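Novice: with the input below, show me the fold.
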Amino acid sequence: MSLVLKLEPLTHEAFAPFGEVIEASEHAQQFSINEGNTQRYHDLATIDPGEDGKAIVSIFRGQPRSLPFTITMMERHPKGSQAFIPMSGHPYLVVVAPKGDAPKPSDLRLFLARGDQGVNYATGVWHHPLLGLETVVDFIVIDRHGPGDNCDVVTLNHTALIAELENCTA
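Specialist: Here you go, the predicted model:
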C-alpha cells in the first residue's frame, strides 16, 4: 500500500530545508536597472558546482505525467546543487526529501509550483525527476559538470502516491 502525499503550495519557508525557490517576489533583493526600464531580482539561488565542478546551463524537456502517479524512486546530486527554472509557464510538481540516508515515503514532501517559480535543490537533497502536468514542459537547468558521479538513484522500499491536485492552488 502506498502512502498518499499531501500537496503543499511552494513557498520560500516550506521549501527552505531543501533549497531555494526562484521567483520574482518580495523575498528577493530587487532594484531598478537599465535607466529604470528593468527591475532586477538579484541573487535568487546559491548555485553550488562543488569542488572541481563548473556550473553549466541546459534545457530539460519533460513529458507530462498523469495522476494518480506512484513515486517509486528518488535521486540526489551529492557533488552540487541543481536549479530548475520553468520556461513553459505551466505548473508542475516537486517531490523532495531531506539530505541523508535513502528516504522513506514518510520523508517525502509534495509541492505544487506555479509556472513562474523555479527551485534550486541544495547539494544532496533527494528529489524526484521532472513532474510536469498536462503538457510538455521545458526548464532551464543550472547544475554541475565535472569529475565523479553526481547522481545517486534509489528505489523506495515502499511507494508514495500523488493522488490528485485538490485543496492547493499554484
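Novice: give the contact list for the residue nearest the centre of the chain.
Specialist: Centrality entry for the chain: nearest residue to the mean C-alpha point is Val119, 4.3 Å, by CA atoms, centre = their mean. Under the criterion of CB atoms under 8 Å, 6 or more residues apart in numbering, the neighbours of Val119 are Leu10, Phe15, Phe18, Gly19, Glu20, Val21, Ile22, Ala83, Phe84, Val94, Ala113. Using the backbone N, CA and C atoms, a C-beta is placed for each residue, glycine as well.
Novice: surely Gln117 is in contact with Ile22?
Specialist: Yes - here Gln117 lies in contact with Ile22, judged by CB atoms under 8 Å, at a distance of 6.8 Å.
Novice: of the two, which one has the most company?
Specialist: In terms of neighbours (other CB atoms under 10 Å), Gln117 is the more surrounded of Gln117 and Ile22; the figures are 25 against 22.
Novice: quick revisit: could you check how far the residue nearest to the centre of the chain is from Cys151?
Specialist: With distances taken as CB to CB, to the nearest Å, Val119 is found 17 Å from Cys151.
Novice: do the same with Ile71
Specialist: The gap separating Ile71 from Cys151 is 17 Å, by CB to CB.
Novice: more neighbours: the two, which one.
Specialist: Legend: neighbour count by other CB under 10 Å for Ile71 and Cys151, higher for Ile71 (22 against 11).
Novice: how distant is the longest strand along the chain from the center of its chain?
Specialist: Of all the segments assigned as strand in the chain under DSSP state E, the longest by residue count is strand 152-162. Distance of strand 152-162 from the chain centroid (CA atoms, centre = their mean, to the nearest Å) equals 17 Å.
Novice: restricting to C-alpha, output it in CSV.
Specialist: In CSV, the C-alpha atoms belonging to strand 152-162 read as follows (Å, rounded to 0.1, in the frame of the first residue of the first chain):
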residue,chain,number,x,y,z
ASP,A,152,22.6,8.7,-6.8
VAL,A,153,19.3,6.9,-7.5
VAL,A,154,17.3,4.8,-5.0
THR,A,155,14.3,2.6,-5.4
LEU,A,156,11.9,3.2,-2.5
ASN,A,157,11.1,0.1,-0.3
HIS,A,158,7.5,1.3,-0.2
THR,A,159,5.9,3.7,-2.7
ALA,A,160,4.2,7.0,-2.2
LEU,A,161,1.2,8.2,-4.3
ILE,A,162,0.3,11.6,-5.7
